[in-house]
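Visitor: Give me a model of this one.
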Amino acid sequence: MITQKITPCLWVEKDAKAVVDYYLSIFKDGKLIDYRLFDNMPAQDGHDNASSFETAVMQIAGMEFSILAAGPLFKFNEAISLVINCKDQAEVDYYWQALTINGGIEGPCGWCKDKYGLWWQVVPVEYFELIHSNDIDVSRKALINTFTQKKIILSELK
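Guide: Here you go, the predicted model:
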């Protein structure tokens, strides 16, 4: 049953179930909604070789995502990322650690890449209050200090 109008589809190389398990280990309120293996499907490239692929649907933070595990044809890049709006520094620290451990990497300005190559912006909600402040000095300090950070450290932006 489809429950939301637009569902992001994340294409991964293999093992949709492992991908879902990974994200559910990070986003504790998540759940697996559906998993399917499509085995020995007819080739679409004009050749006779059959192929297999997997799909899954998961819900994390109240939002559904489709996972398509269909080979290495497409890779994630920075052109799209997911923003995690964190309530405080402790939550920023939790998601940053969870996403960068075991093959993830830290990027600049609150961006990080998880072990599957998906980019995330891990940001405390107060950050947006600071950079959108009507006080130009507050806004400028927050922005300038953001450019010197990898993980956002809220206390250094104030």
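
Visitor: switch to C-alpha atoms for all contacts and neighbour counts from now on
Guide: OK.

Visitor: mind listing the helices for this structure?
Guide: 16-26, 89-100, 125-131, 136-146, 154-157 (DSSP state H).

Visitor: Could you list every helix and strand that the lowest-mean-pLDDT helix or strand in the chain packs against?
Guide: Taking mean pLDDT, DSSP states H and E as the measure, the chain has strand 31-41 as its least confident helix or strand, at a mean of 87. Helices and strands touching strand 31-41, as assessed by 3 or more C-alpha pairs under 8 Å, 6 or more residues apart in numbering; DSSP states H and E, comprise helix 16-26, strand 51-60.

Visitor: of all these, which lies closest to K141?
Guide: Proximity to K141 (C-alpha to C-alpha) singles out helix 16-26 among the helices and strands packed on strand 31-41, at 31.6 Å.

Visitor: Now the closest one: average pLDDT?
Guide: Mean per-residue pLDDT for helix 16-26: 97.

Visitor: Of all the residues in that helix, which ones are buried?
Guide: Within helix 16-26, the residues that count as buried by 16 or more other C-alpha atoms under 10 Å are A16, K17, V19, V20, Y23, L24.

Visitor: From D135, how far off is the closest residue to F74 other than its chain neighbours?
Guide: Leaving aside its sequence neighbours, F74 sits nearest to W11 (C-alpha to C-alpha, 6 or more residues apart in numbering; 7.0 Å). According to C-alpha to C-alpha, to the nearest Å, W11 stands 42 Å off from D135.
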